[in-house]
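# Need the 3D shape of this:
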Amino acid sequence: MKEYRLYLNGEWLETEGHFEVENPAKEEVIARCAVAQEDEVRQAVEAAREAFPSWSGKSAEERGELLTAVADQLIEEMDELAGLEAQETGRSIKEILAHDLPATADLFQYFAGIAPAVFGETIPVPGEYLNYTRREPLGVVAGITPWNFPLWLGALKIAPALAAGNTMVVKPASLTPLTMLELARIMEEVGAPPGVFNVVTGPGAQTGQLLVAHPGVDKVSFTGETRTGTQVMTEAAKHIARVSLELGGKSPNIVFADCDFDKAVSFALLAIFFAQGQMCTAGSRLLVEKSIHERFVAALVERAVKLVIGDPLEMETEFGPLASKAQLEKVEHYVTRAVAEGAQLVLGGQRPKGAQFERGYYFEPTIFDNVRNDQTIACDEVFGPVLSVIPFEGEEEAVRLANDTEYGLAAGIWTRDLGRAHRVAHSVKAGKIWINCYNLFPPAAPFGGFKKSGFGRELGLHSLLDLYTEVKDIQIDLSRDYFDWFI
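Model (predicted):
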């Protein structure tokens, strides 16, 4: 069992308190991590504050060189890091190698490349003046990252924040902190100056709260559930720290009768069963036009029943366990409630049978049909492999059902009608719309939510400029004369 310490100011620091990290496929402890107390959180923020002038004073190209070195090292250690993340999350190593690690390296490479693109503007103003703006880094950024994609979703914050010239203190989720701590090691090995990147671990209610509340934090970037995001925003407001929130979702995946049927079925499975459905963009509400509804559900069931459930470290595994016992119990609760409310269970709904599943937090891919949009299973974010199929009739009803939710993170649209695709995309209240595809996150394209799914746009130049810099306006008098106001 490996022991992990805090990474503060370029050094690894031991503490008195510890917590254990479990492999959800085996129900076995695989690591012990330090719990950052108030003093360690204070040290981390102070280290980041002290490192900020030097780091922000470097050229964008110099900062980009460090990010490129991080990307190269991630690629070099891809197999080892993927294995570690599979053990701490329960997600398939095949999935992590295909997406998470390459996508994380891509993020560091992308933001290394666009770091010099931070720009100001020259603004015409009345009179003989030169007025221009410049964008400057905010200062110390606190990154609070989730447990489902620990390295990739962490990089969504780390890469642009560092590229813009900020320093960071990251608090990873206690369920899955290990690859973030390995990233700290990589930062150290490639020469990140002390204090530029710091990692504090511990419970969110303790370590996370201390970090968000620290008056030395200039910006909090949070990804997680909506209820916690509300608490983060409230705490950060006490010292007027800027906040961006990427929160929950209940995303509609809308399938019209004129879709590419086989492709739509394939992506509907990806939308809900990738990462065992433990993702904020999960297409958990599948809206299917009535004329193809029965055929579409039958095709879904036929494909889903063939998914290979098993040990995340086996390359043939497509579907691993849920991340924790608490998450398993939450999913079971929602399934029981859905049945009680009259939803039609057509697949799954239970733990898989067999000796290989006697240990581990496994739950079968689950599909409910003929779900009403007002039922609990269609309203609440289950964050698990549970799909609600909702029939609809026509474009108007599809849009109404899609928007009938407190969330607004993502949506999918499947149709060959180009006009309909654009009309529906413009009408659905969500920050990310996929047409004839799903769950694609190119580094250059902004991502974020409407309504209770949060605010702020990660990825792309939007992230670099809007989330991690602030605008300073400068006005210069070019005239030879001046006006004495008091004469």
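# what domains does the record give for this protein?
2-247+453-473, 252-435 (automatic domain parsing).
# Give me the distance between residue 86 and residue 281.
Between residue 86 and residue 281 the computed distance is 21 Å (Cβ to Cβ, to the nearest Å). (C-beta placed from N, C-alpha, C; glycine too.)
# ugh, wrong one, residue 402
Taken as Cβ to Cβ, the span from residue 402 to residue 281 is 14 Å.
# repeat for residue 453
Distance from residue 453 to residue 281, counting by Cβ to Cβ: 9 Å.
# higher neighbour count, these two?
Of the pair residue 453 and residue 281, residue 453 is the one with more neighbours under other Cβ atoms under 10 Å, namely 29 against 25.
# Double-check that residue 243 belongs to a strand.
Yes - counting by DSSP: H, G, I helix; E, B strand; the rest coil, residue 243 falls inside a strand.
# isn't it right up against residue 217?
No - applying Cβ atoms under 8 Å, one finds residue 243 not in contact with residue 217, separated by 10.2 Å.
# Now list whatever residues contact both of the two.
Residues touching both residue 243 and residue 217 (Cβ atoms under 8 Å, 6 or more residues apart in numbering): residue 236.
# Over to residue 292. Which of the three states is it?
helix.
# Could you check the pLDDT of it?
Listed pLDDT for residue 292 reads 98.
# try residue 485
You'll see residue 485 listed with a pLDDT of 83.
# need the contact list for the residue positioned nearest the centre of the chain.
With distances taken as Cα atoms, centre = their mean, residue 153 lies nearest the centre of the chain, 4.3 Å away. For residue 153, the contact set (Cβ under 8 Å, 6+ apart) comprises 145, 146, 223.
# Residue 175: which of those is nearest?
Of all the contacts of residue 153, residue 175 sits closest to residue 146, with 9.0 Å by Cβ to Cβ.
# in a strand, that's where that closest one is, yeah?
No - assessed with three-state DSSP, residue 146 is coil; it does not lie in a strand.
# That one: neighbour count?
21.
# residues contacting it?
By Cβ under 8 Å, 6+ apart, the residues touching residue 146 are 153, 173, 223, 224.
# Quick check: the gap between it and residue 383.
10 Å.
# which residue sits closest to residue 274, ignoring its sequence neighbours?
Spatially, and ignoring its direct neighbours in sequence, residue 274 is nearest to residue 439 (6.2 Å; Cβ to Cβ, 6 or more residues apart in numbering).
# So that neighbour sits against residue 281, correct?
Yes - using Cβ under 8 Å, residue 439 is in contact with residue 281, at 6.3 Å.
# what touches both of the two?
Taking Cβ under 8 Å, 6+ apart as the criterion, residue 439 and residue 281 both touch residue 271.
# In terms of pLDDT, where does residue 481 sit?
Residue 481 is given a pLDDT of 86.
# can you confirm residue 368 is in a strand?
Yes - remark: residue 368 belongs to a strand, assigned using three-state DSSP.
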